[in-house]
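> mind folding the following:
(2 chains)
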Number of protein chains: 2
Amino acid sequence: MDELVEKALLARKAWFELANSSDSVRKKALESMSQAIIENKEKILEANSLDVEKFKKEHPSDPLLDRLILNEKRLKSAAEGLIKISQLPDPIGEVVEGWTTIHGLKIQKVRVPIGVIGVVYESRPNVTIDISGLAIKSGNAVVLRGGSEALNSNKTIAEILRDSIKDYINKDVIQIIENPDRSIVDKMLKLNGYLDLLIPRGSSSFIEYVRKNASVPVIETGAGNNHIFVNYDADLEMATKIIINAKVQRPAVCNAVRKILIHKDIAEKYVPILLKELKKYGVTVKGDESVVKIAPDVIPASEEDWDKEYMDLTLSIKIVNSVQEAVEHINKHGTKHSEAIITNNLKDAQYFTWNVDAACTYVNASIRFTDGEQFGFGAEVGISTQKLHARGPMGIKELTTTKYIIYGEGQTREI
Amino acid sequence: MDELVEKALLARKAWFELANSSDSVRKKALESMSQAIIENKEKILEANSLDVEKFKKEHPSDPLLDRLILNEKRLKSAAEGLIKISQLPDPIGEVVEGWTTIHGLKIQKVRVPIGVIGVVYESRPNVTIDISGLAIKSGNAVVLRGGSEALNSNKTIAEILRDSIKDYINKDVIQIIENPDRSIVDKMLKLNGYLDLLIPRGSSSFIEYVRKNASVPVIETGAGNNHIFVNYDADLEMATKIIINAKVQRPAVCNAVRKILIHKDIAEKYVPILLKELKKYGVTVKGDESVVKIAPDVIPASEEDWDKEYMDLTLSIKIVNSVQEAVEHINKHGTKHSEAIITNNLKDAQYFTWNVDAACTYVNASIRFTDGEQFGFGAEVGISTQKLHARGPMGIKELTTTKYIIYGEGQTREI
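Here you go, the predicted model:
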């Protein structure tokens, strides 16, 4: 039997026990995990430095290096996340709805774990901690396949976590796939019957690949070609502050901004102000015809630009005639992740938030808040940009499903 | 542009309007649809008789004929279903959750329509009425692809429905694909960006085909290799009544029973009683070794039998040692649809309903109740046997998704 099938089977067996465990036991397991991360930080950092050294040699000056690096602060933050998760209300067993039918059947819709969840992710080894914590709290087993560049870190973390839970729950609920071969991912995509759900995290081309090839149910975590629309009546100081935050703080993450739409009535006034501010942070600005007319030094944006998710400090600006045109443009080019309007006009705010087809729509706030930790979920498994099951940051509730439990007294159906 | 893309685009445009309509307008549209079905029943039955005559010629004595036939009673029932759906509370706009974050952001998780939903189905033309009604109530547009054998019926029904709603909402929210070519289904499976969701209804081999080939998000409606477990303390009269109802009433539907598990302590006594009753209805019984030992005239079941979804009056019986063994057998061979235990033992009932991995688990009732209409949903789009998004009968709530709407006052993210 190969590693993947073997570990998926171990995970399923352990899941059956976990699904019958009480929240207090799962809480203790999470506390123990948190403590173990802190107590073993040297060991983890040592393993991580092996990965980091190797990556540096093989990929000099790759910006992804930052995501691979663990340090005391990042470990502490992940350990605290586990405690936060442990303190959330237990999602399992919640009666979501319940009613009695005309035949006297007592129907309950009950929240239950999904089962064995596969997660494919890159670089960041702290994801191993976050996802293990969210999964255990919500009664699920995980089969984790991190990037080969983080294998030492992930193996060490998983070993420590598994060891820390074994007094409370079956440690096989956490499985790490060690085979670095890329073909393992293809196998995971087809592992129906072994995995109940697969969550891919990564580049948009990887997600596209998964969408085309998976037969296991998938939740797509997505790209963020996100927009901020500055309406005619916007507080311009606020708009600039939000745009800079969303563009500059971490330009490569999915909840950063990629496009700015500006209402025509304020374009002449606001474009120069915004350009000046963006220049301070080294942002490369492209613009549509109207923007270039106002500021001739701006690079003309091509048609393709409007569909691009820039991973660096590039930004494109477009002038629009109305909130309707802004929504139309976003629904045509956006990736349904996070979209914002800066306005004080209630009607426009409502039109925008209702009609923009995206997981998260903001009024007067930075789209950088689209994040499980920021939403109060303790951590996140990823940010879903699809419409089925979960949309937006996914925490413990998004790792559950429901079942109907029906009690009768011998009822049979007449027609 | 081909018919499919053209109609999907028309549907999307109409959807944008529908998503902004009030429940009272959608209610009026549904009432008008119901009235139009009744008023035009002759026209529909005439179109249906063309389909029926053609089918009879091409497939003499095919049991699927019954599903193709419309009559006054079936039309009346569908028209009444539309009224029931119209009276359900509006799912759209419901604030599912809401909270304020530590940064003062006001987050609302709001229920919204999914968008343009493709449905592929066979034979039964009344499905065209049910699904159109559920979709409009929940603010969605539909692209319907019924079986070519029902094309006349479906075209006529869709024409009548479209005409009946045009005073209230854009009639393009209902689209029927007329091209009878099977390749249209393959195109629908790949229509990302045009369809937000695809619901296939049909044989398990068709669902399997969809699972392997779709890149559009899919909700699988599933096969029903369903079990009834008769526990050691079961009321045997009740058990027999439920088994006969679940097996005999409509043996080809997905919520019929295919396997009976009997606790060893009552096997000697109960197997002969049950066999005698099943014989009255012409049921062909297969059994495991222990059953054959008790009743030597029973056909020995093969290993494959335990995975089969018999579509006729065949039934297999197995003796098990405990509720644990029953659950283990069901989780290994079941299709996660509907499973029942007949018992008066509370602990066993709870063990069974919690640990059987299925959309619907019953205690002391017929599994034939797994049905949107019986659950009180007015009608159903299908019965989901997958774990993501929707599980069990799907009504209007299952045709919605959620989005987060976040109001701030200029908040930016610090870390």
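> partners of the longest strand seen in chain A in the sheet?
When chain A is parsed with DSSP state E, its longest strand is strand A:400-411. As defined by DSSP bridges, the strand partners of strand A:400-411 come to strand A:106-113 (antiparallel), strand B:360-365 (parallel).
> that one: how far from the chain's middle?
Distance of strand A:400-411 from its chain centroid, counting by CA atoms, centre = their mean, to the nearest Å, is 33 Å.
> I'd like the average pLDDT over that strand.
For strand A:400-411, mean pLDDT rounds to 96.
> got the contact list for that strand?
Residues lying outside strand A:400-411 but in contact with it, judged by CB atoms under 8 Å, 6 or more residues apart in numbering or on different chains, are A:91-92, A:96, A:103-114, A:138-139, B:235, B:238, B:241-242, B:349, B:353-354, B:358-366, B:369-370, B:387-388, B:391-392. Every residue, glycine included, has its C-beta placed from N, CA and C.
> just the buried residues of it, please?
Within strand A:400-411, the residues that qualify as buried are A:400-408, A:410-411, counting by 16 or more other CB atoms under 10 Å in any protein chain shown.
> now the two most distant members of those.
A:400 and A:410 (31.5 Å; CB to CB).
> residues of the stretch 201-350 of chain A that sit close to chain B?
Applying CB under 8 Å from any CB of the partner chain, we find that the stretch 201-350 of chain A lies next to chain B at A:211-212, A:215, A:217, A:219, A:235, A:238, A:241-242, A:244-246, A:249, A:349.
> that older thread, let's see the longest strand of chain A as CSV, backbone CA atoms only.
This file holds the C-alpha atoms of strand A:400-411, laid out as CSV (Å, rounded to 0.1, in the frame of the first residue of the first chain):
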residue,chain,number,x,y,z
THR,A,400,-18.4,20.9,9.3
THR,A,401,-21.3,19.5,7.4
THR,A,402,-24.8,18.6,8.6
LYS,A,403,-26.9,15.5,8.7
TYR,A,404,-30.6,15.0,9.3
ILE,A,405,-31.5,12.8,12.3
ILE,A,406,-35.2,11.8,12.2
TYR,A,407,-37.2,10.1,15.0
GLY,A,408,-40.5,8.4,14.3
GLU,A,409,-42.9,5.9,15.8
GLY,A,410,-43.3,3.6,12.8
GLN,A,411,-44.4,6.1,10.2
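> re the thing from before, wait, which of the strands paired with strand A:400-411 is closest to residue B:86?
Ranking the strands paired with strand A:400-411 by proximity to residue B:86 (CB to CB) places strand A:106-113 first, at 22.4 Å.
> circling back: list only buried entries from the residues of the stretch 201-350 of chain A next to chain B.
With neighbours counted by 16+ other CB under 10 Å, these contain buried members at A:211, A:215, A:217, A:219, A:235, A:238, A:241-242, A:244-246, A:249, A:349.
> pLDDT check: weakest of those residues?
residue A:211 (86).
> residue B:214 is in contact with that one, correct?
No: the criterion here is CB atoms under 8 Å, and residue A:211 misses it with residue B:214 at 9.5 Å.
> would you mind giving the buried ones among the residues of the stretch 201-350 of chain A next to chain B as CSV with secondary structure added?
Converted to CSV, those look like this (DSSP: H, G, I helix; E, B strand; the rest coil):
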residue, secondary structure
A:211, helix
A:215, coil
A:217, coil
A:219, coil
A:235, coil
A:238, helix
A:241, helix
A:242, helix
A:244, helix
A:245, helix
A:246, helix
A:249, coil
A:349, helix
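> as TSV, these with distance to residue A:17 would be great.
Putting those into TSV (distance: CB to CB, whole Å) gives the following:
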residue	distance to residue A:17
A:211	33
A:215	28
A:217	23
A:219	25
A:235	55
A:238	52
A:241	51
A:242	47
A:244	50
A:245	45
A:246	44
A:249	43
A:349	49
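> check those residues and tell me the two furthest apart.
Using CB to CB, the two most remote members of these are A:215 and A:235, lying 49.6 Å apart.
> OK, contacts around the residue of the stretch 1-150 of chain A found nearest chain B?
Using CB to the nearest CB, the point where the stretch 1-150 of chain A gets nearest to chain B is residue A:114, with a distance of 5.3 Å. Contact partners of residue A:114, counting by CB under 8 Å, 6+ apart, are A:138, A:140, A:196-197, A:399-401, B:387-388.
> swap in residue A:359?
Residue A:359 sits next to A:336-338, A:370, A:383-385, A:391-392, B:403-404 when contact means CB under 8 Å, 6+ apart.
> need the residues of the stretch 51-200 of chain A near chain B, please.
Those residues of the stretch 51-200 of chain A that sit near chain B, judged by CB under 8 Å from any CB, are A:99, A:101-103, A:105, A:107, A:112, A:114-115, A:192, A:196-197.
> buried subset of these, written for PyMOL?
Selecting the buried subset of those in PyMOL, with 16+ other CB under 10 Å as the burial test, is done by:
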select buried, chain A and resi 101+105+107+112+114+115+196+197
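> quick one, what contacts whichever residue of the stretch 151-300 of chain A sits closest to chain B?
Relative to chain B, the nearest point of the stretch 151-300 of chain A is residue A:245 (3.6 Å; CB to the nearest CB). With contact set as CB under 8 Å, 6+ apart, residue A:245 has these partners: A:366, A:368, B:412-413.
> skip the chain neighbours and tell me the closest residue to residue A:338.
Closest residue in space to residue A:338, ignoring its immediate chain neighbours: residue A:367 at 3.9 Å, by CB to CB, 6 or more residues apart in numbering or on different chains.
> I'd guessed the one you found sits against residue A:225; true?
No: counting by CB under 8 Å, residue A:367 stays clear of residue A:225, with 11.5 Å between them.
> now stretch A:311-318 - C-alpha only, CSV.
Coordinates of the C-alpha atoms in stretch A:311-318 are reproduced here as CSV (Å, rounded to 0.1, in the frame of the first residue of the first chain):
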residue,chain,number,x,y,z
MET,A,311,1.9,40.0,-6.8
ASP,A,312,4.2,43.0,-6.5
LEU,A,313,3.8,46.7,-6.0
THR,A,314,1.9,47.3,-9.3
LEU,A,315,-1.6,48.9,-9.3
SER,A,316,-4.0,49.9,-12.1
ILE,A,317,-6.4,52.8,-11.9
LYS,A,318,-9.6,53.3,-13.9
